[in-house]
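Engineer: Sequence and predicted structure, then a few things I'm wondering about:
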Amino acid sequence: MQDFIDARTTPRVRLRTSESERLRTALRGKGFTPVEGADGRWTVAGARVEDIGPLAAHQGIPILELANEEATLEEAYLALTADETQFAAPRPAVAQEV
């Protein structure tokens, strides 16, 4: 559980843009270290939407997706109970032909 909490208490933003190089330059200029994923989405640790949105708007960089990555209660529950079989949802019965 502590790994879950640690991973979700540091601000982090997920975003996509059609102008990767301009975004990378703008983010680095403000001290952020952006990481581009294989799917084209960026992750920026230590940033919030309120940091990135105005920066991109000021630079004229189009943002296609921008979201804070924050934990949900469902994610916390699943992380807490992942190894607990008594909390696992029962598997549906398989119909058998007679």
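Structural biologist: Sure, I can see it. Everything quoted here is computed from the prediction, not taken from an experiment. Residues are numbered from 1 along each chain as shown.

Engineer: can you map out the helices along this protein?
Structural biologist: 2-9, 20-29, 49-59, 73-81 (DSSP state H).

Engineer: Compare the ones you listed and give me the one nearest Asp39.
Structural biologist: helix 20-29 (12.7 Å; C-beta to C-beta). (C-beta placed from N, C-alpha, C; glycine too.)

Engineer: For the residue nearest in space to the middle of the chain, which non-adjacent residue is spatially closest?
Structural biologist: Closest residue to the average C-alpha location of the chain: Glu69 at 4.0 Å, with C-alpha atoms, centre = their mean. Nearest residue to Glu69, sequence neighbours excluded (C-beta to C-beta, 6 or more residues apart in numbering): Arg12, at 4.6 Å.

Engineer: re the thing from before, and the helices of the chain as JSON lines, adding mean pLDDT and mean neighbour count?
Structural biologist: Putting these into JSON lines (pLDDT from 0 to 100; neighbours: other C-beta atoms under 10 Å) gives the following:
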{"stretch": "helix 2-9", "mean pLDDT": "64", "mean neighbour count": "11"}
{"stretch": "helix 20-29", "mean pLDDT": "92", "mean neighbour count": "16"}
{"stretch": "helix 49-59", "mean pLDDT": "92", "mean neighbour count": "15"}
{"stretch": "helix 73-81", "mean pLDDT": "71", "mean neighbour count": "12"}
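
Engineer: Columns distance to Glu36 on top of those helices, output as TSV?
Structural biologist: Output for these, formatted as TSV (distance: least, C-beta to C-beta, whole Å):
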stretch	distance to Glu36
helix 2-9	19
helix 20-29	7
helix 49-59	14
helix 73-81	24
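
Engineer: Could you list which residues are in contact with the nearest residue to Arg28 once chain neighbours are set aside?
Structural biologist: Once flanking residues are discounted, Arg28 sits nearest to Pro34: 7.3 Å by C-beta to C-beta, 6+ apart. Contact analysis of Pro34 by C-beta atoms under 8 Å, 6 or more residues apart in numbering lists 23-24, 27-28, 42-44.

Engineer: switch to 7 Å and redo it
Structural biologist: By C-beta atoms under 7 Å, 6 or more residues apart in numbering, the contact set of Pro34 is 24, 27, 42, 44.
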